[in-house]
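> Dropping a prediction and its sequence here:
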Amino acid sequence: MRRICIINQKGGVGKTTTAVNLGWGLAKEGKKVLIIDLDAQGNISSCLPAESKKDLYDFLVEGADIGECISHVTDNLDVIQSKETLTKAELILVGEQSRETFLKRKLDALKHYNYDYVILDCPPSLGLLNQNAILYSYEAVIPASTDVLGFDGLKKITAAIHKINDVFGHNCMISKIVPTLFDVRNKVCVSTLKQMQSEFYELVSDPIRINAKIKEAPSVKQSIFEYDKTSRGAEDYKNLVKQVARDEKKFERLDKGGTEIKAMIKQVAMTN
């Protein structure tokens, strides 16, 4: 099972959009996917046509069975939703023993569900929930806007992941950096993309271009593939799905103790 956190401490870079469309796209390819909303804003709930009486807070704090909190979205795609009560969970976590790995211990319950992918949509912060997400995940996918602030945020989150890995002896590898809000006509976008590619090499996916259809799709609770499969947004996210799926064997080797990716990521992180 591939455990992927979609993470960046900077807001407005397309984390939820990427989580929804990556998860939906993988499900369309026959992979069994669970998306977990770690953001108290509950944006995943606004984007997907699923409702549940119980959510992540009920599972983490109230002791609800995880099966009660999983909602079915479409073929091969499920979701655990969140709402504003999740902010209380982070406050409660502060008092927990081994608080940074609380989520990892709780989500051990998923081993009975045979998911191919568990995708965590993380909040725009470097708080305790995001530390938990990193320590649960084997991989991090980082959406980063193609502008100066986006690139600065990218360097900060890669350094943070590297530090958490070192402190806790963990292996959350950065599997993809996803350049978002890309406009080929904009010189800043083009130069920022080149900077990303220069510093992070093959970790950088093809960019997600600015596309109105991507913004419109959540209003009708659809992925970009359902909303307009002929759009540039659908084309770009389809490419991302292919690139992530292509890495399956590589990350299987990592889970079995391979060091090739670990060494590469460590070198990149230490230079930023």
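Ah, there it is.

> For the helix or strand in which residue 165 is found, list every residue counted as buried.
Per DSSP states H and E: residue 165 is located in helix 148-168. Neighbour-count burial for helix 148-168 flags 150-151, 153-155, 157-158, 160-162, 164-165 (criterion: 16 or more other C-beta atoms under 10 Å). Yep, even glycine has a C-beta here, placed from its N, CA and C like the rest.

> For residue 237, state which of these is nearest.
Distance ranking of the buried residues of helix 148-168 against residue 237, using C-beta to C-beta, places residue 150 first at 18.3 Å.

> so the closest one touches residue 192, yeah?
Yes - using C-beta atoms under 8 Å, residue 150 is in contact with residue 192, at 6.7 Å.

> contacting residues around the closest residue to residue 228 other than its chain neighbours?
Among residues not flanking residue 228 along the chain, residue 213 sits closest, at 4.5 Å (C-beta to C-beta, 6 or more residues apart in numbering). The contact partners of residue 213, by C-beta atoms under 8 Å, 6 or more residues apart in numbering, come to 224, 227-228, 231-234.

> Same list, those residues, but as CSV with distance to residue 138, secondary structure and neighbour count please.
Output for the contacts of residue 213, formatted as CSV (distance: C-beta to C-beta, whole Å; DSSP: H, G, I helix; E, B strand; the rest coil; neighbours: other C-beta atoms under 10 Å):
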residue, distance to residue 138, secondary structure, neighbour count
224, 26, helix, 28
227, 30, helix, 18
228, 32, coil, 17
231, 31, coil, 19
232, 31, helix, 16
233, 27, helix, 26
234, 28, helix, 22
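
> Now residue 125: phi and psi?
phi -160, psi 180 (degrees, to the nearest 10).

> Right, I'll call it a day here.
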